[in-house]
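**Q** sequence unknown, structure follows:
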């Protein structure tokens, strides 16, 4: 099927454009923080509130709502009885003191794209069954559980379980730093579901770039062609607890001092590679006993390494492991380091890239191909269904913070592009390879 | 009054010696940890259990028990109606996974010294009122609240309030890392008291050395002549939260990286001074948001600096503050550092040192004068009453850890010395200066 056989994409009505922005800013008020961010960690009361909002949006339109065994929330729209679904979506959870765009934009854009598509379909733009204008797929929108991984590691949890990349029972047993399991937390907010998972034939996600490339080049849309290679190192530093006052310096085995040196080596390793080639840092750390007058006996920390080139990540990892051996020897510590959450480069299908570029161009905008340094639910979904991943510009390239920002006009263009991509997916534009 | 006018110190009976060791090891079972330590942080269920044990010990002997407004627990023995008290004691709270000797030894030694003294008094060794053999003071034993400061900072809390060095209301409002206040925690274990504080005319405390000097020199008793100058730096590192994957290295303001460098500088400053002159380290640290894929926006940490010479501490502090300015500039961070818990050198009275040395010698043992690098309740009490501080040897000089150890025979000698010191204090050996 060629795109020419479909009806011309209608411009959104003023009411549609206004409705999207109104809903986006309404959801941004849930778990809002003082400096324009949101705090909606997975399976908290705030996460629950966004889920209720999602449910109400769907139910008002008569769409079926389902929740699966890992808390993924779906809105289902039947266009072709018995057909599999084209799925749109992202996640409504956030980092602690996170931004209001990351994830939420993609879910709300997905809901509004679906709403516009249904209106266009109802208006008779789709043809009779069996014709070129007839839909081939049903349409669904998803709010994936725990994309952020701030409370429960690993991140991209719900979509990874959905795609069969992670074991559901294992993920349900994951605990946060207070010992609460995913299962308990989902149950507590009423979102430990048991509904059947829809069969997915195509997936599309739109997200803020979280980098500076689109802003630098003045482009409204990025078509993501691949994800960076990422991996984490789970590091445990074991020393000996002692008195910060009475113990001679030479008698100490200070786990926090060892950890401080590990953190610096994890940072400094990026200097060994060309600029913008590798990012590497430590964001999570706990120490025991964490008393002002006790030398720490144990520190647990997580290092995050990412590069486009897998070999760069592995070289950096090996360098850090060598540094760790030296720190162990210097301070009489035992340091365990374990590879964790390794994600190879993922390449999005060429047909999806071409589709995104064609749609953007037909709507009168320019797009470029772009790589993602961050992980996304689409990386998991791309393993099981033809996937289109779109970016819109981020101001200053910052994210996971309250001052994360994207402009209304860029968001609006993104919804238009996503709507047309969804229309074509439903009409079979991206058949399974 | 000279010591010659008092009756000869009686050797402890076998029953007395056995009773002390039995009680010491019984208390060590409260909050016991797998590797022979204890975990009895201030105002926890385990702390409450030791308090119930203390109360039972006193009540079995008909001694009055009082609890004051900051949770200090006293056992009072009236020998001279209306007279002030000679007070013995230390603390039963511990660090998390702490040792079973630190503090507990001094409280249990105090109770047994009091028990022996009462027996000797009842046996008629004390003379009639007005004679040289008559007691001049009453006797009390104390279990001070929160000496360790692991859960609630500052340490040495109960005795500092007692001595008027800290404000009671302010200390009751101090919160632990979970936001529980001292007032709430004491109330929860039933030890937020309101009893009148006894008037104290003299104080004696016995404690493990926590260093290697007595062990190295083969001496059973140290008479503490002064405390080191100690201070803390309360340090807050403010960066900007961002994505560990998507944010360029050059765009980051990583509070944890800055904190790691501060920790290392706090450690390295000790190398600028002769060995064993200065100790300095960081034992407490919290970070926000503490998510594996988010660059930290804020780290709070506490550095602890100690030296015999105040000028050494101040020089080290100034050096660290200079290093902090450089770290701020290098990483685009804001770092606040505030002096906190500054404790000047305290000198114990010469008369008390002479008393401790004389008693040790008369009992057939050798003592040496020694300084304390660690803080003790006696440092606070020495500000308001003539104070004797005794040390017994620590094996390997380690403390605040499960393998902290002192031998039964050294503990036994300590109780004998403390008993005789208490006897002489009660008989007016150390009048107010």
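**A** Right, received. Where do you want to start? Fair warning: this is a prediction, and the values are worked out from it, not measured in the lab. Numbers count the residues shown, from 1 in each chain, chains lettered A, B, ... in the order given.
**Q** for stretch A:373-391, the distance to its chain's centre please.
**A** 9 Å (C-alpha atoms, centre = their mean, to the nearest Å).
**Q** Show the average pLDDT along it.
**A** Stretch A:373-391 comes out with an average pLDDT of 95.
**Q** Span of that stretch from start to end?
**A** Distance between the two ends of stretch A:373-391: 12 Å, counting by C-alpha to C-alpha, to the nearest Å.
**Q** Ok, stretch A:191-207 next?
**A** End to end - C-alpha to C-alpha - stretch A:191-207 spans 24 Å.
**Q** now do stretch A:169-185
**A** Terminal residues of stretch A:169-185 lie 14 Å apart, using C-alpha to C-alpha.
**Q** Could you list the domains of chain A?
**A** Domain segmentation of chain A under automatic domain parsing yields A:3-228+A:345-426, A:229-343.
**Q** Now do the strands in the stretch 201-350 of chain A.
**A** A:221-227, A:229-238, A:242-243, A:278-288, A:294-295, A:298-307, A:334-343 (DSSP state E, counting those that start in this stretch).
**Q** Now tabulate the domains of chain A in a markdown table and tack on distance to residue B:54.
**A** C-beta coordinates here come from the backbone N, C-alpha and C atoms, glycine included. A markdown table is the format used below for those (distance: least, C-beta to C-beta, whole Å):
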| stretch | distance to residue B:54 |
| --- | --- |
| domain A:3-228+A:345-426 | 32 |
| domain A:229-343 | 23 |
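**Q** Tell me which of these lies nearest to residue B:93.
**A** Smallest distance to residue B:93 across the domains of chain A (C-beta to C-beta): 11.7 Å, for domain A:229-343.
**Q** Quick one: mean pLDDT over that closest one.
**A** Mean pLDDT, domain A:229-343: 96.
**Q** what's the answer for stretch A:354-367, then?
**A** 97.
**Q** Let me see the residues that make contact with that stretch.
**A** Residues outside stretch A:354-367 that contact it (C-beta atoms under 8 Å, 6 or more residues apart in numbering or on different chains) are A:3, A:9, A:219-223, A:388, A:390, A:413, A:416-417, A:420-421, A:424, A:429-430.
**Q** on that earlier part again, how about JSON lines for the domains of chain A, with mean neighbour count added?
**A** Formatted as JSON lines, these follow (neighbours: other C-beta atoms under 10 Å in any protein chain shown):
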{"stretch": "domain A:3-228+A:345-426", "mean neighbour count": "21"}
{"stretch": "domain A:229-343", "mean neighbour count": "20"}
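**Q** for the ones you listed, which one sits closest to residue B:235?
**A** Nearest of these to residue B:235, taken as C-beta to C-beta: domain A:229-343 at 11.2 Å.
**Q** Quick one: end-to-end length of the closest one, please.
**A** Domain A:229-343: ends 6 Å apart by C-alpha to C-alpha.
**Q** same question, stretch A:296-315
**A** In stretch A:296-315, first residue to last residue: 30 Å (C-alpha to C-alpha).
**Q** check whether it contacts chain B.
**A** Yes - Stretch A:296-315 lies within reach of chain B by C-beta under 8 Å from any C-beta of the partner chain, at A:296, A:297, A:302, A:304, A:306.
**Q** where do the strands sit along the stretch 51-200 of chain A?
**A** Using DSSP E, counting those that start in this stretch, strands in the stretch 51-200 of chain A cover A:64-67, A:73-77, A:85-90, A:138-143, A:200-208.
**Q** residues in contact with the first one?
**A** Counting by C-beta under 8 Å, 6+ apart, strand A:64-67 makes contact with A:54-55, A:58-59, A:73-78, A:191-198, all of which sit outside it.
**Q** quick one: strands adjacent to that strand?
**A** Here strand A:64-67 has these sheet partners by DSSP bridges: strand A:73-77 (antiparallel).
**Q** Geometric centre of chain A: which residue is closest?
**A** Geometric centre of chain A, nearest residue: residue A:376, 3.4 Å, by C-alpha atoms, centre = their mean.
**Q** Run a quick check on that one versus residue A:205, I expect a contact.
**A** Yes - using C-beta atoms under 8 Å, residue A:376 is in contact with residue A:205, at 6.4 Å.
**Q** list the residues that contact both of these two?
**A** Residues touching both residue A:376 and residue A:205 (C-beta under 8 Å, 6+ apart): A:90, A:389.
**Q** and residue A:96, what does it touch?
**A** If you count contacts by C-beta under 8 Å, 6+ apart, residue A:96 has them with A:39, A:41, A:150, B:288, B:289, B:290, B:291, B:294.
**Q** what's the second one sitting at in phi/psi?
**A** Reported as degrees, to the nearest 10, the phi and psi values for residue A:41 are phi -70, psi 160.
**Q** where do the helices sit along chain A?
**A** Applying DSSP state H to chain A gives helices spanning A:14-27, A:45-60, A:104-122, A:157-162, A:168-172, A:182-188, A:213-217, A:255-268, A:310-331, A:350-362, A:377-381, A:408-426.
**Q** Give me the nearest residue to residue A:317, chain neighbours excluded.
**A** Nearest-residue entry for residue A:317: residue A:305, 6.1 Å, with adjacent residues in sequence omitted and distances by C-beta to C-beta, 6 or more residues apart in numbering or on different chains.
**Q** Would you convert the residues of stretch A:296-315 next to chain B into TSV that also reports distance to residue B:341?
**A** Converted to TSV, the residues of stretch A:296-315 next to chain B look like this (distance: C-beta to C-beta, whole Å):
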residue	distance to residue B:341
A:296	19
A:297	22
A:302	32
A:304	36
A:306	41
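**Q** which of those sit farthest apart?
**A** A:297 and A:306 (31.2 Å).
**Q** give the contact list for residue A:312.
**A** A:229, A:273, A:277, A:278.
**Q** And the closest residue to the second one other than its chain neighbours, how far from residue A:280?
**A** Just to be clear, that refers to residue A:273. Closest residue in space to residue A:273, ignoring its immediate chain neighbours: residue A:312 at 5.8 Å, by C-beta to C-beta, 6+ apart. With distances taken as C-beta to C-beta, to the nearest Å, residue A:312 is found 10 Å from residue A:280.
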